[in-house]
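Colleague: return atomic coordinates for the entry below.
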Amino acid sequence: MIEPSPETRPIPSLEPSALTEKTLTHGLEFLSDRDSDLAQILVQVGSPPMWALEPGFPTLVRLILEQQVSLASAKAAYKRLLYAVSPLTPDRFLQLDHVTLKSIGFSRQKTAYGRHLAQSIVEGQLNLAALSAMDDATVRSELMKVKGIGPWTVDIYLLRALRRPDIWPRGDLALAVATQMVKGLALRPTPEELDGISAEWQPWRAVAARLLWHYYLSIHGRGNARGLR
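Modeller: The predicted model follows:
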């Protein structure tokens, strides 16, 4: 029996609603067959972690904290938040005054974003528990109704908390830098160019993102990529 080439090998029909360690391995095998550059870095750095987060309000607050800042800074602020209020629920978050949130590490803007999110949940406008049963586009639409939750935050929530297999955070700086290095590009790719490059990685773009983050962190260190532990 003749083995089909990577170009003609069919895309697997298995598209799980949430990645598992087993399907992560399937995705890596598919990507290695499809893209020799990804195959090379997989050999170099090994399989990436799952980097899973628990779905829910605390994770979204954490991702708001991580917007436009270093991982180390956001992680420290999130630890202070959990020390101040645990368990972290929307109702408890709304009880924190501006002075307390500022001392924790919330800017005025992120305080407003956190309160908008908490209020949306308390008032029943956003049901986080229901998101797991929705498709990616519907999850995106529901979350982006909340002020302060933009494309990057939604992508990371879909990718890490809901563990959807084909999410591609096109606005993530670390992914852009890693893709530039892996593909030997003269310039850092734009979000649109990243979309074009990642098209051949469907339906496992979230696995490709994990592999590229893993490669990036092996070179630049863990404190330089937002969205990761």
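
Colleague: care to break the protein down by domain?
Modeller: 21-51+167-221, 57-161 (automatic domain parsing).

Colleague: mind listing what residue 180 touches?
Modeller: The neighbourhood of residue 180, defined by Cβ atoms under 8 Å, 6 or more residues apart in numbering, consists of 187, 188, 189. Yep, even glycine has a C-beta here, placed from its N, CA and C like the rest.

Colleague: measure it to residue 104 for me?
Modeller: 35 Å (Cβ to Cβ, to the nearest Å).

Colleague: residue 179: which element?
Modeller: Assigned by DSSP states H and E, residue 179 belongs to helix 173-183.

Colleague: ok, residue 78 next?
Modeller: Here residue 78 is assigned to helix 71-84, by DSSP H and E.

Colleague: and the average pLDDT for that helix is what?
Modeller: Throughout helix 71-84, pLDDT has a mean value of 94.

Colleague: and whatever helix or strand comes next after it, what does it pack onto?
Modeller: Per DSSP H and E, the first helix or strand lying C-terminal to helix 71-84 is helix 90-94. Under the contact definition 3 or more Cβ pairs under 8 Å, 6 or more residues apart in numbering; DSSP states H and E, helix 90-94 sits against helix 57-66, helix 108-122.

Colleague: any chance of those in CSV, plus mean neighbour count, mean pLDDT and distance to residue 98?
Modeller: Compiled in CSV, the helices and strands packed on helix 90-94 are given as follows (neighbours: other Cβ atoms under 10 Å; pLDDT from 0 to 100; distance: least, Cβ to Cβ, whole Å):
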stretch, mean neighbour count, mean pLDDT, distance to residue 98
helix 57-66, 22, 97, 16
helix 108-122, 19, 98, 6
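
Colleague: what's the burial count for residue 185?
Modeller: By the criterion of other Cβ atoms under 10 Å, residue 185 has 13 neighbours.

Colleague: now it: closest residue in space, sequence neighbours ignored.
Modeller: residue 179 (7.4 Å; Cβ to Cβ, 6 or more residues apart in numbering).

Colleague: ok, now which ones touch the one you found?
Modeller: Per Cβ under 8 Å, 6+ apart, neighbours of residue 179: 185, 189, 194, 197, 212.

Colleague: for it, give me the pLDDT.
Modeller: Per-residue pLDDT puts residue 179 at 97.

Colleague: which of the helices or strands spans the residue nearest in space to the middle of the chain?
Modeller: The centroid of the chain falls nearest to residue 156 when counting by Cα atoms, centre = their mean (2.2 Å). According to DSSP H and E, residue 156 maps onto helix 151-156.

Colleague: among the helices and strands packed on helix 90-94, which is nearest residue 160?
Modeller: Taking Cβ to Cβ, helix 57-66 is the member of those nearest to residue 160, at 7.9 Å.

Colleague: okay, the angle between the closest one and helix 71-84?
Modeller: Interaxial angle of helix 57-66 relative to helix 71-84 (axes from the mean of the first three to the mean of the last three Cα atoms, to 10 degrees): 140 degrees.

Colleague: show me the contact partners of helix 57-66.
Modeller: 53, 74, 77-78, 81-82, 88-90, 93, 105-106, 110, 113-114, 117-118, 121, 128, 143, 148-149, 153, 156-157, 160-161, 226-227.

Colleague: ok, of these, which come out buried?
Modeller: 53, 74, 77-78, 81, 88-90, 93, 105-106, 110, 113-114, 117-118, 121, 128, 143, 148-149, 153, 156-157, 160-161, 226-227 (16 or more other Cβ atoms under 10 Å).
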